[in-house]
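Colleague: using only what follows, build the 3D model:
(chains A, B, C and D)
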Protein chains: 2
Amino acid sequence: MSRTGSDAAGARRRQHAAVFAALGDETRLALVAALAGGQARSITQLSGGAKLTRQAITKHLKVLEHAGIVRSARLGRESRFELDPTSMRELQEYLGRVSAQWDQALARFKALVEG
Amino acid sequence: MSRTGSDAAGARRRQHAAVFAALGDETRLALVAALAGGQARSITQLSGGAKLTRQAITKHLKVLEHAGIVRSARLGRESRFELDPTSMRELQEYLGRVSAQWDQALARFKALVEG
DNA sequence: CGATTACGCAACAAATTGGTTGCGCATTTC
DNA sequence: GAAATGCGCAACCAATTTGTTGCGTAATCG
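Modeller: You can find the predicted model right below:
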């Protein structure tokens, strides 16, 4: 296992881990789903169907925002959140790269056995 | 925001959240990277380059295993871990669906404005 | 057989996370 | 202007996570 240091690859890995961690919660996934429709929503709107407090939802939204998954803008007395799928697309590519690497390794193994 | 209850969609969401959470850690991402090459490795091998104890690595591996990202098998006196990319592929599809939904929403918005 | 290697288990300790409550402030609304 | 709405801040609490250390045991090597 390579080290967990602060080189360039490590920084990318750290960023990926942060986004993964932000998505690693049921409530936050529900928020992402609610925002995936493309329409920006206020905190009370997003707190509507949940069993949690508005404050809890606010904290979850801040986690998502800090990970770059979501953006917010104050509009009058309400602050509206909208999705920014950029970081999620990056994760998707990352997962694709790992899967591809695995597939290649498997192909090499098959060729070795069958060859 | 829809509720966080225990319906079928909620169960899927819970599973996704668990896998995301398992990947939401730098050390565990490094382990995944080390195993992506396709070769099964023992715990001491995987602990080699890390600054953590073998026990810490063991715990991380158990987290990955519990999330279905990794499988283990005892072989002699060592227990060897290998990647199982199935759950990661599922996450990749999930992220793709969210992105696609976002893109569609954006397209509808553009059509509405320009139309 | 004795020493070494690889691991598992359990008991901590410290830090982080997820959640609530109480309060105050700005913005609408009537 | 007074009431209501939407939100932010801070304190606090319980549970989980992350990591260490110590020890025991099974497998391997000489």
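Colleague: stretch A:105-112 near chain B anywhere?
Modeller: Yes. Using C-beta under 8 Å from any C-beta of the partner chain, stretch A:105-112 reaches chain B at A:A105, A:L106, A:R108, A:F109. For the C-beta atoms, the positions are set from N, CA and C on the backbone; glycine is no exception.
Colleague: turn these into a markdown table, including pLDDT, neighbour count and secondary structure.
Modeller: Formatted as a markdown table, the residues of stretch A:105-112 next to chain B follow (pLDDT from 0 to 100; neighbours: other C-beta atoms under 10 Å in any protein chain shown; DSSP: H, G, I helix; E, B strand; the rest coil):
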| residue | pLDDT | neighbour count | secondary structure |
| --- | --- | --- | --- |
| A:A105 | 91 | 16 | helix |
| A:L106 | 87 | 12 | helix |
| A:R108 | 89 | 12 | helix |
| A:F109 | 81 | 12 | helix |
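Colleague: DNA strand C contacts on chain A?
Modeller: Counting by C-beta under 7 Å from any atom of the strand, chain A comes close to DNA strand C at A:21, A:25, A:27, A:51-53, A:55-56, A:59-60, A:63, A:76-77.
Colleague: which of the residues of stretch A:105-112 next to chain B are close to DNA strand D?
Modeller: Within these, nothing lies near DNA strand D by C-beta under 7 Å from any atom of the strand.
Colleague: max pairwise distance over those residues: which two?
Modeller: With distances taken as C-beta to C-beta, the most widely separated pair in the residues of stretch A:105-112 next to chain B is A:L106 and A:R108, at 7.3 Å.
Colleague: anything in contact with each of these two?
Modeller: Common contact partners of A:L106 and A:R108 (C-beta atoms under 8 Å, 6 or more residues apart in numbering or on different chains): B:G38.
Colleague: now do the strands in chain A.
Modeller: A:41-42, A:70-75, A:78-83 (DSSP state E).
Colleague: how about the contacts made by A:L23?
Modeller: A:L29, A:V32, A:A67, A:I69, A:M88, A:L91, B:H16, B:A17, B:F20, B:G24.
Colleague: distance check, A:R77 against A:S47.
Modeller: Distance of A:R77 to A:S47, given as C-beta to C-beta, to the nearest Å: 15 Å.
Colleague: those two: which is more packed in?
Modeller: A:S47 (21 against 6; other C-beta atoms under 10 Å in any protein chain shown).
Colleague: any idea of the pLDDT on the more buried one?
Modeller: On the pLDDT scale, A:S47 is placed at 97.
Colleague: is it true that it touches A:H60?
Modeller: No. Using C-beta atoms under 8 Å, A:S47 makes no contact with A:H60, being 9.9 Å away.
Colleague: contacting residues for A:L29?
Modeller: The contact partners of A:L29, taken as C-beta under 8 Å, 6+ apart, are A:L23, B:R13, B:H16, B:A17, B:F20.
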